[in-house]
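J.: sequence and predicted model, in that order:
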Amino acid sequence: MHIYDVIVIGGGLLGCFAVRSLTRYDLKVALLEQREDLCTGISRANTAIVYSGCDNKPGSLKTSLCVSAAQGFPKLCRELGVRYSPCGSIMICFGERGAKVLKKKYDQGTVNGVRGMRLLSGSEILEMEPRIAENVHSGLYVPDTGTVMPWELCLAAAENAVRNGAEIILNTEVLGIDKTTGCSAEINDSTPHLHGGELYGYEIKTNNGTYYSKAIINCAGLSADKVLEIPSAPTVRIIPTAGDYYILDTKAAGYIKHVIFHEPEEKGKGLTLVPTVDGNILVGPTERPLDASDFSTSREGLELLRELASEVVPSLPMDQIISSFGAVRPNPYMLSKDDNGQWVTDDKSVSDFCIIESYDGSMISLVGVKTPGLTCSNELGIYVSDKISKLLRAAPNEGFGPIRPPQIRAGELDYNERRSLVQDHPEYGNIVCRCRGISEGEIINAIRRDPGAVTLDGVKRRTGTDSGRCQGGYCVQRIVSIMARELKCDPEDITKRGGKSKILFQQTKTDLRNLNHNI
């Protein structure tokens with residue numbers, strides 16, 4: 001029988017930070033994720049920006065959490081061994097309308113407590129970013145903006161949660177949630193970590209058995225509204241929108257030094273340029289209605305990005321595009337009944353974070369959390385876990401350790417460090433991904449971690465393989481062979497992203513089972 005104090009539903013950034021924050025208390029906690037790995041939904045595709053809080057209206061929960069999170073992000077990344085670039089941002093405009101918007105954001109940021117902001121003239125912008133179009137009018141510099149790799153952040157939080165006693169349960173889809181006053185299992189005060197056994201709040205039915213929990217934190221991403229409606233009446237509905245991105249090769253590294261936000265003169269979404277921690281430049285996103293849920297791109301969106309890039313940074317080397325991808329944003333709308341008794345959405349989406357609590361506080365749902373969701377993922381995890389810990393009267397976990405050591409990146413070591421590493425662990429001297437300089441040792445480590453990679457994309461999220469200029473053209477065959485060896489399965493069983501996304505269908509001239517000696 002699966003019995004816990006708290007169950008978190010959903011393995012994206014919000015879910016992983018919620019379960020990590022819960023381990024600060026003496027609670028038995030688990031995270032349920034319906035997919036084969038973590039960070040496979042909204043969290044895997046976004047702009048990778050840590051926002052400062054100057055974009056948000058004063059007085060909201062979103063604003064207070066964002067400002068606090070941005071200022072504490074360097075410390076969080078040091079704790080979790082995650083790369084972080086405090087590059088700062090410059091919001092630019094090309095006319096008077098944009099200048100008014102920037103002044104408004106400056107005033108908002110001042111009220112919100114954002115540090116170090118400066119309004120810039122066009123000439124000051126060109127001193128800081130000389131490749132911006134020469135007709136730039138003015139700008140707003142914000143030093144607390146940064147960039148991070150979402151995959152690294154999400155997985156690091158999960159790994160730290162596991163080190164602190166949490167359980168990550170994959171391939172487990174929630175099918176039903178019932179309020180209950182007990183279960184058939186023997187629950188009493190002597191049950192380890194469980195705070196009394198006389199009352200159990202929820203019976204959670206899944207494809208992987210039934211789970212019992214006193215409290216639930218719903219972080220199910222695009223399905224959070226559906227999970228919320230299982231045990232309660234409809235209150236909010238997610239209406240997703242989509243976005244398109246380009247990725248430029250690391251040959252373009254240094255072309256811009258700051259995150260560039262473009263405020264257009266006409267209403268609409270401008271361009272964002274992001275110098276990533278890997279050295280690429282991210283171009284995007286667009287915003288458009290979602291006509292599919294498969295993270296696909298649109299031709300129109302990608303053409304618009306090229307057009308905007310030519311206006312904002314005319315010399316941006318768009319010939320260095322190595323990939324494009326689509327993202328999905330979960331916009332929450334409150335529901336009400338019309339005259340016919342039908343549920344309808346409000347005209348405007350919810351602007352603040354949409355956090356819905358059950359009448360007794362035992363189920364908290366984070367529904368449609370979008371920008372700055374990545375920035376606030378740790379703060380939101382603390383916010384909801386503190387509420388649950390008070391409800392359950394949980395004592396602090398005296399053994400909680402916030403540190404998750406950084407993973408070895410052979411390509412970032414100096415000669416002597418690398419030589420010493422390879423002498424002790426020869427697999428780190430065998431380069432599998434030439435574009436990123438990623439070794440066999442790093443791939444093995446990605447598979448053996450807890451939770452570890454079981455798909456090609458899982459290895460990519462943990463190491464960066466398959467994301468360089470060749471986009472896996474050189475390394476995929478070798479990675480598949482290593483995975484088959486480590487997971488003790490046939491190469492044909494390895495998938496790109498789980499399900500039916502097979503990479504190999506039949507043997508041709510080369511038997512991958514015999515490739516290991518060449519890797």
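T.: That came through, no problem.

J.: alpha carbons only for contacts and neighbour counts from here, please
T.: Will do.

J.: can you tell me the strand partners of the helix or strand bottoming out on mean pLDDT in the chain and which way each runs?
T.: Within the chain, no helix or strand scores below strand 343-345, which has a mean of 90 by mean pLDDT, DSSP states H and E. When pairing is defined by DSSP bridges, strand 343-345 lines up against strand 321-337 (antiparallel).

J.: dump the partner strand to PDB, restricted to CA.
T.: What follows is strand 321-337, C-alpha atoms only, in PDB (Å, rounded to 0.1, in the frame of the first residue of the first chain):
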ATOM      1  CA  ILE A 321      20.500  28.700 -36.900                       C
ATOM      2  CA  ILE A 322      20.900  25.100 -35.800                       C
ATOM      3  CA  SER A 323      17.400  24.400 -34.500                       C
ATOM      4  CA  SER A 324      14.000  25.700 -33.800                       C
ATOM      5  CA  PHE A 325      11.400  24.600 -31.300                       C
ATOM      6  CA  GLY A 326       7.900  25.300 -30.100                       C
ATOM      7  CA  ALA A 327       6.700  26.100 -26.600                       C
ATOM      8  CA  VAL A 328       3.300  26.100 -24.900                       C
ATOM      9  CA  ARG A 329       2.100  28.600 -22.300                       C
ATOM     10  CA  PRO A 330      -0.800  27.600 -19.900                       C
ATOM     11  CA  ASN A 331      -3.000  30.700 -19.600                       C
ATOM     12  CA  PRO A 332      -5.600  30.300 -16.800                       C
ATOM     13  CA  TYR A 333      -9.100  31.800 -17.000                       C
ATOM     14  CA  MET A 334     -11.600  31.800 -14.200                       C
ATOM     15  CA  LEU A 335     -15.000  30.100 -14.900                       C
ATOM     16  CA  SER A 336     -18.500  31.100 -14.100                       C
ATOM     17  CA  LYS A 337     -21.900  29.900 -15.200                       C
END
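
J.: what's the domain layout of this protein?
T.: 2-43+151-232+358-392, 85-146+239-330, 410-518 (automatic domain parsing).

J.: which residues touch the nearest residue to Pro58 once chain neighbours are set aside?
T.: In this structure, Pro58 finds its nearest non-sequential neighbour in Asn112, 5.8 Å apart by C-alpha to C-alpha, 6 or more residues apart in numbering. The contact partners of Asn112, by C-alpha atoms under 8 Å, 6 or more residues apart in numbering, come to 53-54, 58-59, 63-64, 67.

J.: Val274 now?
T.: Per C-alpha under 8 Å, 6+ apart, neighbours of Val274: 47, 49, 147, 258-260, 281-283.

J.: give the bridge partners for it, please.
T.: Leu282.

J.: return the member of the contacts of Val274 nearest to Ala99.
T.: The shortest approach to Ala99 among the contacts of Val274 belongs to Ile260, at 15.1 Å (C-alpha to C-alpha).

J.: one step back: quick one: which of the contacts of Asn112 sit in strands?
T.: With DSSP state E as the criterion, strands contain none of the contacts of Asn112.

J.: just the buried residues from those residues, in ChimeraX please.
T.: To isolate in ChimeraX the members of those that are buried, counting by 16 or more other C-alpha atoms under 10 Å, one can use:
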select :53,54,58,63,64,67
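
J.: good, wrapping up.
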